[in-house]
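1. Just a sequence and a predicted model for now, questions to come.
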Amino acid sequence: IVCSEELVYVWQYRTPVSKLTSVDTDVASQMRRKDGRERVFHIDDKQVSEESITNIADKVRAGTLATQDPTCSVTASETCLLVGRESGIVNRYSLPHLVFEKHYLLRCRPQVMALNCNSTRMSIIDINSVLSFYDLAARREDGGEGEHLALERKDAWGMCWSNDNPELFAIMEKTRMYIFRGMEPEEPV
């Protein structure tokens, strides 16, 4: 996944083994899907079209694809793609089909985002180096989904979720590394 301020490019890597284990078992349907491995879409479009990469490149050269709310961060898991924008809006797309699902509104401008292993929580380091967390699965009183969690850490410059435990993560603050289980820190290293 690669982003510019207004475009998102998604390339689906496939090996000969993944073609053999694919849901599409006949070869003709796999040949037709060749174009679907590379997708480019404009960040303001809610529906990802099948427009070719060359058509979009022509529009970029002509300067017709500008946006008022540029992309500033991106993260992905096996099931979803999250694209953060300067206004604090995060668009969520399902993978591998790239269907827009919903958007979340953050209270900050994300600079770095990361998803935990089961895609239920997202970490955000904003432009002021404040690390915060967003629960994507939480239900709000107004019927919406997602909420900021109370934990915030200042002067954070790095964060990494565990690959096998959705509650375990490590953060870097200044010159110290902290390991968290749930939202409780262990002794710094």
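-> Happy to help now that I have it.

2. what's the strand or helix carrying residue 91 in contact with?
-> Residue 91 is part of strand 89-94 when elements are defined by DSSP states H and E. For strand 89-94, contacts defined as Cβ atoms under 8 Å, 6 or more residues apart in numbering pick out 43, 48, 69, 79-85, 99-106, 110, 113, 122, 136. Every C-beta, even on glycine, is put in place using the N, C-alpha and C of the backbone.

3. In its sheet, which strands sit next to that strand, and in what direction?
-> strand 80-85 (antiparallel), strand 99-105 (antiparallel) (DSSP bridges).

4. okay, those, which one's buried deepest?
-> strand 80-85 (a mean of 22; mean count of other Cβ atoms under 10 Å).

5. Give me the mean pLDDT for that strand.
-> The pLDDT scores in strand 80-85 average 94.

6. what's in contact with it?
-> 1, 3, 8, 10, 43, 69-76, 90-95, 98, 101, 106, 109-110, 113, 115, 119, 122, 124.

7. ok, of those, which come out buried?
-> 3, 8, 10, 43, 71-76, 90-93, 95, 98, 106, 109-110, 113, 115, 119, 122, 124 (16 or more other Cβ atoms under 10 Å).

8. For residue 117, give its distance to residue 48.
-> 25 Å (Cβ to Cβ, to the nearest Å).

9. Could you do residue 125 as well?
-> 27 Å.

10. Which residue of those two possesses the greater neighbour count?
-> residue 125 (23 against 17; other Cβ atoms under 10 Å).

11. Nearest residue to that one in space, please, no chain neighbours.
-> Of all residues not flanking residue 125 in the chain, residue 112 sits nearest, at 4.2 Å (Cβ to Cβ, 6 or more residues apart in numbering).

12. what's the neighbour count on that neighbour?
-> So residue 112, with other Cβ under 10 Å, has 20 neighbours.
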